[in-house]
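Engineer: sequence and predicted model, in that order:
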Amino acid sequence: MAEATIETKVQVEDAGPCRKKLTIEIPADVVTEKLTDALDTLAVEAAMPGFRKGHAPKRLIEKRFGETVRHEAKNQLIATAFQQALDEHKLKIVGEPFSDSMDKVVVESGKPLVFEVSVEVMPEFELPKLDGLKVRKPIPEVSEAMVDGEIQKILINEGELQERETAEAGDYLTGHGVMKAGDQEIHNIEGAVVQVPTADKQGKGMILGVMVEDFAKQLGLPKPGETVTVRAKGPENHEIEDVRGKDLTITFRVDRVDRIIAASKEDVVSRYGLSNVDQLHDMVKSKLNERALVNQATVMRQQVARHLMTNTTFDLPERLTAVQSLRLLERRRMELMYRGVQPLQIEEHIAELRAASAEAAARELKLFFILSKVGDDLDVRVEESEINGRIARLAMERGERPEKMRQELIRSRQVGVIYQQIREHKTLDAILAKAEFEEMSAEDFNAAMKAEMSGAV
């Protein structure tokens, strides 16, 4: 049952890019009625020593429970009035409302309740031309080298851990990691895993979700039982606001060192229930052909997204909140999963995104707003069957059962990210349906895109 509306006076002012300041007044009679009703209800239900239930004097009820009643009434009145203001003024907010004065607001019988709150709202802007865009369409190609490389990844994934006494490049360290920003503890994780950077990483590495430029130097080659200390600067776009820009100290106690010994092709053939190595080759090639089609669609969508970004201008909200940062990271994580990127590479990419410039984060947020508006204009909808199909595809890429993947997504509250991903893909595909395509080889496509990006710089 919908909550009854209350009489209010609302003033909406511009307070910066995509920001509105709301001043809301709830009349004295509404406040008095709310407090009176709350106390009357409590008087009937309250049990006090020396009085039968519902027969305690109202002044005693007020004395004992008055502060609690006023606090709850304040919260209920503010929540109702705030939601009404959003609905009446058609404000689409992003992130959580914020106020510097809410704690000072007092609710008293016979007096109006006045409060101020600021919100960041969806930006308003005009969309560029969406019909007849010229889009390059690379022809999917799967080479034998790509098949061999994918088989090698499978052999590593299916390999066994060999415990070592001393770490070397590429080995995995399992232990207890603690991250602090000053004296504040951010993470305390038993069973955390880090990889000793390989030569191609040029010393960079990730620990507890943070990319560290000189990680190899700070980490060294520790043995089980040793503790290392890594210092880093908190990424400006980290989803935990207390980490942003802070000096971080990460201690890591090494419990064990492991190296992955790749499985043989024959072992993988047996585990997968295949007949022979040729069948493994054919299975991998088929999977790569499917992934190539996904990547083809991805690069065409990226061209549309670039057109939208280049030809749409508006101011972004000034505050990139923790919730928005997390949403952007999960959005990118899901996109990489969809494209079949390996889990470790995904986490490294997410760590890089956390460390990216504010400009890069702003681009992600801008595209989110644009696609949301285009999706609304085109009335793009997502069906339950599409969500199930996407989950099945993600499960296939990970080698998991779809039901297990679904439960993991529900538990981590990422089903909404799946919905958003599908909606954005369908939005971009709706534009592509009216585009003009130029087919070309993957080599020519890469050369054309490289030249285009060089020209943009």
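Structural biologist: Arrived safely, thanks for sending.
Engineer: low-confidence stretches in this structure?
Structural biologist: The chain contains residues with pLDDT under 70 at 1-4, 42-66, 319-325, 356-358, 454-457.
Engineer: where is the longest strand in it?
Structural biologist: Across the chain, the longest stretch assigned as strand under DSSP state E is strand 247-261.
Engineer: strands of the stretch 101-250 of the chain, start to end?
Structural biologist: 113-121, 134-138, 160-164, 172-181, 184-195, 205-207, 210-212, 227-233, 247-261 (DSSP state E, counting those that start in this stretch).
Engineer: enumerate the positions of the second one that are buried.
Structural biologist: If I follow you right, that is strand 134-138. By 16 or more other CB atoms under 10 Å, the buried positions in strand 134-138 come out as V135, R136, K137, P138. Bear in mind the C-beta positions are built from the backbone N, C-alpha and C, glycine included.
Engineer: nearest approach to I422 belongs to which of the strands of the stretch 101-250 of the chain?
Structural biologist: strand 134-138 (20.5 Å; CB to CB).
Engineer: export the closest one as PDB, just CAs?
Structural biologist: This file holds the C-alpha atoms of strand 134-138, laid out as PDB (Å, rounded to 0.1, in the frame of the first residue of the first chain):
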ATOM      1  CA  LYS A 134      29.500   4.600 -41.100                       C
ATOM      2  CA  VAL A 135      30.900   1.600 -39.200                       C
ATOM      3  CA  ARG A 136      34.000  -0.500 -40.000                       C
ATOM      4  CA  LYS A 137      33.100  -4.300 -39.800                       C
ATOM      5  CA  PRO A 138      36.200  -6.500 -39.300                       C
END
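Engineer: ok, residues contacting that strand?
Structural biologist: Strand 134-138 has contacts (CB atoms under 8 Å, 6 or more residues apart in numbering) with 296, 299-300, 303-304, 432, 435-442, 444-446, 448-449.
Engineer: next: stretch 256-271.
Structural biologist: 151-152, 154-156, 158-168, 170-175, 222-224, 275-277, 279-280.
Engineer: which of these fall within helices?
Structural biologist: Judged by DSSP state H, the subset of these located in helices is I151, Q152, I154, L155, I156, V277, Q279, L280.
Engineer: got a list of what the fourth one touches?
Structural biologist: Contacts for L155 (CB under 8 Å, 6+ apart) come out as A262, A263, S264, K265, V268.
Engineer: buried only: go through the residues you listed for me.
Structural biologist: Buried among these by 16+ other CB under 10 Å: A262, A263, K265, V268.
Engineer: please narrow those to those residing in helices.
Structural biologist: If you go by DSSP H, the buried ones among the contacts of L155 have K265, V268 in helices.
Engineer: hmm, back to that, out of the strands of the stretch 101-250 of the chain, which gets nearest to A355?
Structural biologist: Going by CB to CB, the one of the strands of the stretch 101-250 of the chain nearest A355 is strand 210-212, 4.9 Å.
Engineer: that closest one - contacts with which helices or strands?
Structural biologist: strand 205-207, strand 227-233, helix 343-354 (3 or more CB pairs under 8 Å, 6 or more residues apart in numbering; DSSP states H and E).
Engineer: those helices in the stretch 351-457 of the chain, which residues are they?
Structural biologist: Secondary structure of the stretch 351-457 of the chain (DSSP state H, counting those that start in this stretch): helices at 358-377, 384-398, 402-411, 415-432, 442-456.
Engineer: please parse the chain into its domains.
Structural biologist: The chain resolves into domains spanning 9-121, 134-150+285-456, 160-261 when parsed by automatic domain parsing.
Engineer: ok, the closest residue in space to A263 that isn't next to it in sequence - how many residues close by?
Structural biologist: Leaving aside its sequence neighbours, A263 sits nearest to E158 (CB to CB, 6 or more residues apart in numbering; 4.2 Å). As a burial measure, E158 scores 17 neighbours (other CB atoms under 10 Å).
Engineer: for the one 4 residues further on, same thing?
Structural biologist: Using other CB under 10 Å, Q162 has 11 neighbouring residues.
Engineer: distance of it from D148?
Structural biologist: In this view, Q162 and D148 are 24 Å apart by CB to CB, to the nearest Å.
Engineer: so who does V284 touch?
Structural biologist: By CB under 8 Å, 6+ apart, the contact set of V284 is V147, E150, I151, I154.
Engineer: please disregard the earlier target; I meant K21.
Structural biologist: So K21 contacts V12, E13, D14, A15, E116, V117, S118 (CB under 8 Å, 6+ apart).
Engineer: what about burial for the contacts of strand 134-138, which qualify?
Structural biologist: Listed as buried from these are Q296, V299, M300, Q303, V304, L432, A435, A442, F445, M449; burial here means 16+ other CB under 10 Å.
Engineer: dump those into CSV; add distance to E126 as well.
Structural biologist: Below are the buried ones among the contacts of strand 134-138 laid out as CSV (distance: CB to CB, whole Å):
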residue, distance to E126
Q296, 30
V299, 27
M300, 24
Q303, 21
V304, 17
L432, 21
A435, 20
A442, 35
F445, 31
M449, 27
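Engineer: which of the residues you listed lies closest to V417?
Structural biologist: Out of the buried ones among the contacts of strand 134-138, the member with the shortest distance to V417 (by CB to CB) is V304, at 20.6 Å.
Engineer: my read: that closest one touches L133, true?
Structural biologist: Yes: V304 is in contact with L133 according to CB atoms under 8 Å; the separation is 6.4 Å.
Engineer: hey, what's in contact with both of those two?
Structural biologist: I431, L432, A435.
Engineer: returning to what we had before: distance to L353 added to the ones in helices among the contacts of stretch 256-271, as JSON lines?
Structural biologist: Compiled in JSON lines, those are given as follows (distance: CB to CB, whole Å):
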{"residue": "I151", "distance to L353": "29"}
{"residue": "Q152", "distance to L353": "27"}
{"residue": "I154", "distance to L353": "27"}
{"residue": "L155", "distance to L353": "29"}
{"residue": "I156", "distance to L353": "25"}
{"residue": "V277", "distance to L353": "38"}
{"residue": "Q279", "distance to L353": "38"}
{"residue": "L280", "distance to L353": "34"}
